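A.B. asks: generate a structure from the sequence data that follows.
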Amino acid sequence: MAAYKLNHAARDDIKRIYLRGVTDFGEVRSDSYYAALFDRFDTIAEKPYMYPAVDHIRDGYRRSVCGVDSIYYRILDGDVEIMRVLGRQDLLELGKPIS
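C.D. replies: Model (predicted):
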């Protein structure tokens, strides 16, 4: 199985998504969505070029949409680094480009 790395911002995003999910939809649905995100991370690690580049957002980034969130990642020396996991509402709240 291929590996991936979650950077600090992505870890924070996942925690926020999980807690918001528990509050809005309940623990069972939040757990299911959380698992789906990690399944997608595995898929990205296995086939990192499967998803489109989004150089118009940030050079070297690619994006995979999972549910209502976009997973932004980059490939460096063959390794996958998950940079952010954001939904449209997150971008509006941040009021700035992803980093």
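A.B. asks: tell me the secondary structure at the nearest residue to Ala3 once chain neighbours are set aside.
C.D. replies: Closest residue to Ala3 apart from its sequence neighbours, by Cβ to Cβ, 6 or more residues apart in numbering: Ala45 at 5.9 Å. In this view, the C-beta of every residue, glycine as well, is placed from N, C-alpha and C. With DSSP: H, G, I helix; E, B strand; the rest coil as the basis, the three-state label of Ala45 is helix.
A.B. asks: residue contacts, Ala45?
C.D. replies: 1-4, 80 (Cβ atoms under 8 Å, 6 or more residues apart in numbering).
A.B. asks: ok, so of the residues you listed, who is nearest Val22?
C.D. replies: Checking the contacts of Ala45 against Val22 by Cβ to Cβ gives Tyr4 as the nearest, at 24.4 Å.
A.B. asks: backbone phi and psi for the closest one, please?
C.D. replies: phi -140, psi 160 (degrees, to the nearest 10).
A.B. asks: what's the answer for Tyr49, then?
C.D. replies: phi -90, psi 10.
A.B. asks: centre of the chain to stretch 64-77, how far?
C.D. replies: 5 Å (Cα atoms, centre = their mean, to the nearest Å).
A.B. asks: pull the CA atoms of it into PDB?
C.D. replies: Included here for stretch 64-77 are C-alpha records, laid out as PDB according to Å, rounded to 0.1, in the frame of the first residue of the first chain:
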ATOM      1  CA  SER A  64      -9.900  15.200  -5.300                       C
ATOM      2  CA  VAL A  65     -13.500  15.900  -4.300                       C
ATOM      3  CA  CYS A  66     -14.800  13.700  -1.500                       C
ATOM      4  CA  GLY A  67     -18.400  14.300  -0.500                       C
ATOM      5  CA  VAL A  68     -18.700  18.100   0.000                       C
ATOM      6  CA  ASP A  69     -15.000  18.600   0.600                       C
ATOM      7  CA  SER A  70     -12.000  19.000  -1.700                       C
ATOM      8  CA  ILE A  71      -8.700  17.300  -0.800                       C
ATOM      9  CA  TYR A  72      -5.800  19.400  -1.900                       C
ATOM     10  CA  TYR A  73      -2.500  17.500  -2.200                       C
ATOM     11  CA  ARG A  74       0.900  17.600  -3.900                       C
ATOM     12  CA  ILE A  75       3.400  15.000  -5.100                       C
ATOM     13  CA  LEU A  76       7.000  15.600  -4.100                       C
ATOM     14  CA  ASP A  77       9.600  13.100  -5.100                       C
END
